[in-house]
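# A predicted structure for the sequence below; I have some questions about it.
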Amino acid sequence: MTKALEGVRILDFTHVQSGPTCTQLLAWFGADVIKVERAGEGDATRGQLRDIPGVDSLYFTMLNHNKRSITLDTKKAKGKEVLDRLIRECDVLVENFAPGALDRMGITWEHIQALNPRMIVASVKGFGPGKYEECKVYENVAQCAGGSASTTGFDDGPPMVTGAQIGDSGTGLHLALGIVAALYQRQTTGRGQKVLAPMQDAVLNLCRVKLRDQQRLERTGTMHEYPQYPDGKFGEAVPRAGNASGGGQPGSILRCKGWEHDPNAYIYFITQAAVWPAICKVIGEDGWIDDEAYATPQARLLHLKPIFARIERWTMTKDKFEAMDILNQYDIPCGPILSMKEIANDPALRATGTIVEVDHPTRGRYLTVGNPIKLSDSPTDVTRSPLLGEHTDEILQQLGYGTDEVAMLHTELVV
Ligand code: COA
């Protein structure tokens, strides 16, 4: 069976998280991804947060599967020469250096175009054009500048970042889509183009509903599904909504049996209008079905706190999985708060390849997140990340260098 992106060659000049997540996805769809790294150190994440001395960190291995690694000092003439050959041979160059770094290396858009007018040049930057475009950016900066932090957390607390890496991995996803679209357009134009995914913009895209709410707030001065309603006050900007449901179906995180000693004994419970009678029956409040204070979604908005307090009295009598089993019988939308420990052992996620075990020559066996996007005609086989420079000789040979040249280059490029 062929892979969706078979035949596509990616010059992977990425590091840390945002760029590598993008090229890892492309590799999982079948592209040949050649990761260019500096000799000696390589991608800085190889050495960050190490749990085994001298071994590539999980940070690196979990972001660089299915790739090949070549070490090049692209600031030296020989390294630059090899890079130029790679530019001629590849379809896409992906990079996420600090602004201007590629130009400083002499790898300008004009230079790339002169070598390969079909090449797509895809970049992650912290910000798009504007006053911050020269800034270096990491995950949490993007979450703060993209509207996530100001809208996450509780009303009486400070802005908060989320554990989901929406700035890095979220931007990587956006970039991957841009690359695939540019490859598709190239089929008719024959030309490459630049693809830019700024992290601030990607986070904002993921916070789209909060910009929706900003406009609702400015028009009406209130938002009935927010916990600030009906007793609290709204200011000028979208407030933090705690764990309230983002849509028109009120929801909350509720304690379950064992919450006193298990920090994840909670369930997310949504009081979807369509199943309100079933909710009332399950919690033993049949009278609420016809009580005009509770019978309509509009009426319930005035009583969300007591309603969730009453539902919680019920959820606290069940563990989160028991509660799930009961609620699912009535199609009541809910979800257990799963710890990473529970997720790591989830049989369904393992069966679909979203959680996979991978063998690594120096690390041994480890767990990773496989391809979350499933293509029926392009299955993903997750293979380990490359050791630093593991494929240098192989790639040089493929670029047309003879055996003697490879030996000489190898010394020059690695030293
Ligand atoms: N050979 C020679 N030099 C190389 C090289 C190679 N193979 N690979 C990288 N370099 C050089 C670069 O040319 C650059 O040199 P310069 O500063 O002299 O121009 C240098 O290594 C480091 O690049 P830089 O990107 O500035 O790394 P950094 O560690 O200082 O900053 C980030 C890291 C992530 C903050 C920065 O890259 C950035 O803002 N990237 C864009 C946004 C982004 O992706 N952020 C999220 C990361 S998860």
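Good, I have the coordinates.
# For the rest of this, base every contact and every neighbour count on C-alpha atoms.
OK.
# check contacts around the spatially most central residue of the chain.
Among the residues of the chain, the one closest to the centroid is residue 169, at 3.0 Å (C-alpha atoms, centre = their mean). Contacts for residue 169 (C-alpha atoms under 8 Å, 6 or more residues apart in numbering) come out as 17-18, 21-22.
# Packing partners of whichever strand or helix holds residue 277?
Using DSSP states H and E, residue 277 falls within helix 276-283. Under the contact criterion of 3 or more C-alpha pairs under 8 Å, 6 or more residues apart in numbering; DSSP states H and E, helix 276-283 touches helix 304-315.
# if I look at residue 313, how far off is residue 230?
22 Å (C-alpha to C-alpha, to the nearest Å).
# and if you look at residue 344?
Distance from residue 344 to residue 230, by C-alpha to C-alpha: 40 Å.
# Ok, residue 283 next?
From residue 283 to residue 230 the distance is 24 Å (C-alpha to C-alpha).
# do the same with residue 141
Distance, residue 141 to residue 230, by C-alpha to C-alpha: 33 Å.
# Which residue ranges of this protein form strands?
Using DSSP state E, the strands of the chain run over 9-13, 32-37, 67-71, 92-95, 120-125, 194-198, 251-255, 266-270, 334-336, 355-360, 364-369.
# List the buried residues of the shortest one.
Looking back up the chat, that one is strand 334-336. Residues of strand 334-336 classed as buried by neighbour count (16 or more other C-alpha atoms under 10 Å): 334-336.
# Other residues contacting stretch 39-57?
By C-alpha under 8 Å, 6+ apart, stretch 39-57 touches 15-16, 37, 58-61, 71-73, 362-363, 387-389, 413-415.
# Residues of this protein that sit close to the ligand?
Residues of the chain lying near the ligand by C-alpha under 6 Å from any ligand atom: 16-18, 36-38, 72-75, 96-98, 101, 104-105, 124-126, 136-139, 168.
# What's the ChimeraX syntax to select whichever of the residues you listed are buried?
Command for ChimeraX that selects the buried part of the residues of the chain next to the ligand, burial taken from 16+ other C-alpha under 10 Å:
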select :16,17,18,36,37,38,72,73,74,96,97,124,125,126,137,138,139,168
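# Can you pick out the ones from the residues of the chain next to the ligand that are in helices?
Cross-referencing the residues of the chain next to the ligand against helices under DSSP state H gives 18, 101, 104, 139.
# what's the most distant pair in those residues?
Based on C-alpha to C-alpha, the longest span within those runs between 104 and 139 and measures 24.3 Å.
# which regions of this structure sit below the pLDDT cut-off?
The model of the chain has pLDDT under 70 over residues 412-415.
# Apply 50 and report the result again.
415 (pLDDT under 50).
# Number of residues surrounding residue 403?
12 (other C-alpha atoms under 10 Å).
# So for it, what's the nearest residue that isn't a sequence neighbour?
residue 397 (7.3 Å; C-alpha to C-alpha, 6 or more residues apart in numbering).
# Please look at that neighbour and residue 407 and confirm they touch.
No: using C-alpha atoms under 8 Å, residue 397 makes no contact with residue 407, being 10.3 Å away.
# check contacts around whichever residue of the stretch 101-250 of the chain sits closest to the ligand.
Using C-alpha to the nearest ligand atom, the closest approach of the stretch 101-250 of the chain to the ligand is made by residue 136 at 3.3 Å. Neighbouring residues of residue 136 by C-alpha under 8 Å, 6+ apart: 98-99, 125-126.
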